[in-house]
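Peer 1: Here is a sequence with its predicted model. Questions after.
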Amino acid sequence: MSRLFTIVSGTAMAALLAAGCASVNAGPPTARTVAKAPAARPAAGRPAPSASPAPSPSKAPIPRFSAKVSGPLTAHDVPYSWRPGCPVPPRELRAIYMPYIGFDRAAHQGELIVNASVVKKVIKVFARLYRARFPIRQMKPVDAYHGSDPKSMAADNTSGFNCRRAVAPGPPQWSMHAYGLAIDVNTVQNPYVEAGAGVQPPAGAAYLNRSDIRRGMAYPGGVLVKAFTAIGWGWGGNWSGSPDYQHFSSNGS
C-alpha cells in the first residue's frame with residue numbers, strides 16, 4: 001500500500017516537473033477549449049423564460065396602400081357587363097387596381113370598375129378599409145362571371161359596375177350598378193334579403209342574424225358603413241322590407 005502510493009506520487013511528481021519545464025522552454029501556450037457551464041435551470045414551479053412572442057397575424061406588416069387607375073375603358077374591357085343601350089358608355093368607366101386585406105389577413109390585389117366621377121371617393125373608402133384591415137373575400141369585375149350577378153354574389157365577390165336592371169318592384173329601372181355608382185361588398189357576409197324571394201346569395205342565410213357580428217360584415221357603426229357614409233354614399237342595409245346589406249351607392253338606392 002505504501003509502495004504503491006510512492007510510485008503514484010513519483011509519477012505525478014515527474015509529470016508536474018515535465019509540465020513546468022514545458023511552460024518555461026516552449027513557446028506561447030496553445031488555445032484550449034474551456035467547457036461551458038450548464039445552463040441554469042429555472043427554479044421549481046417557475047416556467048422557463050420564452051422568446052418574445054411572434055406578432056399577431058392581424059398585426060403583421062402589410063404593403064403600403066397604393067391605387068392605380070386605368071381608363072377610359074372600352075367595350076373590350078367590359079365584354080359581359082356592358083352592352084349597347086346601357087345608361088353610360090365604357091369611356092365613362094375606370095378600372096381601379098388596388099390592394100385589399102383578405103380573410104387570410106394577407107394583402108391581395110383587386111380590381112374594381114366604377115364611374116370616372118367617383119374614382120377618388122372610392123379609393124378613399126378602400127384605403128380606409130385597408131388600413132383598418134377590414135377583410136374582403138375577393139375583388140373582381142363582374143365580367144369574371146360573364147356579367148352574372150348571382151354567380152358573382154355566390155363567389156362572395158366585391159364588385160362595382162354591371163349594366164343590369166334593379167331588383168325592385170314596379171316598372172323596370174336601371175340599377176345604380178349600371179351607372180358605375182354602386183358597389184357590393186362581401187356578398188355572402190352581407191346578403192340581400194329579397195322580399196318574397198329569400199336570401200341572395202343562398203349562402204348568406206348564415207348571416208341573417210345581424211346582431212351576431214362577424215368578420216367582413218356591414219353593420220351600423222362599423223368601419224365598412226362608416227367608410228361609405230364618409231363619402232356621402234347610402235347603405236342598402238337601411239332599406240326597410242328588403243335590406244341589401246352588401247349594397248352601397250352614391251344616392252342610397
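Peer 2: Good, I have the coordinates.
Peer 1: how about the helices in the stretch 101-250 of the chain?
Peer 2: Assigned by DSSP state H, counting those that start in this stretch, the helices in the stretch 101-250 of the chain fall at 119-131, 149-154, 223-229.
Peer 1: Could I get those helices in TSV, plus columns for mean pLDDT?
Peer 2: Listed next are those as TSV, based on pLDDT from 0 to 100:
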stretch	mean pLDDT
helix 119-131	98
helix 149-154	98
helix 223-229	98
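Peer 1: Switch these over to JSON lines; also include mean neighbour count.
Peer 2: Where you see a C-beta, it was placed from the backbone N, CA and C, and this is true even at glycine. Below are the helices of the stretch 101-250 of the chain laid out as JSON lines (neighbours: other C-beta atoms under 10 Å):
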{"stretch": "helix 119-131", "mean neighbour count": "19"}
{"stretch": "helix 149-154", "mean neighbour count": "19"}
{"stretch": "helix 223-229", "mean neighbour count": "19"}
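Peer 1: mind putting these in CSV, distance to residue 60 included?
Peer 2: What follows is the helices of the stretch 101-250 of the chain, written out as CSV (distance: least, C-beta to C-beta, whole Å):
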stretch, distance to residue 60
helix 119-131, 14
helix 149-154, 29
helix 223-229, 19
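Peer 1: So for residue 140, which of those helices sits nearest?
Peer 2: Relative to residue 140, the nearest member of those by C-beta to C-beta is helix 149-154, separated by 7.8 Å.
Peer 1: ok, residues contacting the closest one?
Peer 2: Residues from elsewhere that reach helix 149-154 (C-beta atoms under 8 Å, 6 or more residues apart in numbering): 140, 142, 144-145, 159, 162, 164, 184, 187-188, 191-192, 200-204, 246.
Peer 1: 7 Å - rerun?
Peer 2: For helix 149-154, contacts defined as C-beta atoms under 7 Å, 6 or more residues apart in numbering pick out 142, 145, 159, 162, 164, 187, 200-201, 203.
Peer 1: Distance from it to the middle of the chain?
Peer 2: 21 Å (C-alpha atoms, centre = their mean, to the nearest Å).
Peer 1: Identify the bridge partners of the residue nearest to the spatial centre of the chain.
Peer 2: In the chain, the residue lying closest to the centroid (C-alpha atoms, centre = their mean) is residue 101, at 2.0 Å. Under DSSP bridges, the beta-bridge partners of residue 101 are residue 107, residue 135.
Peer 1: Tell me the pLDDT of it.
Peer 2: Residue 101 is assigned a predicted lDDT (pLDDT) of 98.
Peer 1: wait, isn't it in contact with residue 130?
Peer 2: Yes: using C-beta atoms under 7 Å, residue 101 makes contact with residue 130 at a distance of 6.1 Å.
Peer 1: Find residues that contact each of these two.
Peer 2: Between them, residue 101 and residue 130 share no contacting residue under C-beta under 7 Å, 6+ apart.
Peer 1: Strands of the stretch 151-253 of the chain, start to end?
Peer 2: 157-158, 182-184, 192-194, 198-200, 234-235, 247-249 (DSSP state E, counting those that start in this stretch).
Peer 1: With distance to residue 176 added, can I get these in TSV?
Peer 2: Below are the strands of the stretch 151-253 of the chain laid out as TSV (distance: least, C-beta to C-beta, whole Å):
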stretch	distance to residue 176
strand 157-158	15
strand 182-184	4
strand 192-194	14
strand 198-200	17
strand 234-235	10
strand 247-249	4
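Peer 1: Any idea which of those gets closest to residue 69?
Peer 2: Nearest to residue 69 among the strands of the stretch 151-253 of the chain is strand 182-184 (15.4 Å), distances taken as C-beta to C-beta.
Peer 1: mean confidence for the closest one?
Peer 2: Across strand 182-184, the average pLDDT comes to 98.
Peer 1: Residues contacting it, please?
Peer 2: Contacting residues not belonging to strand 182-184 are listed as 158-160, 175-176, 246-249 [C-beta under 7 Å, 6+ apart].
Peer 1: which non-adjacent residue is nearest residue 252?
Peer 2: The spatial neighbour of residue 252 that comes closest, neighbours along the chain excluded (C-beta to C-beta, 6 or more residues apart in numbering), is residue 234 at 2.3 Å.
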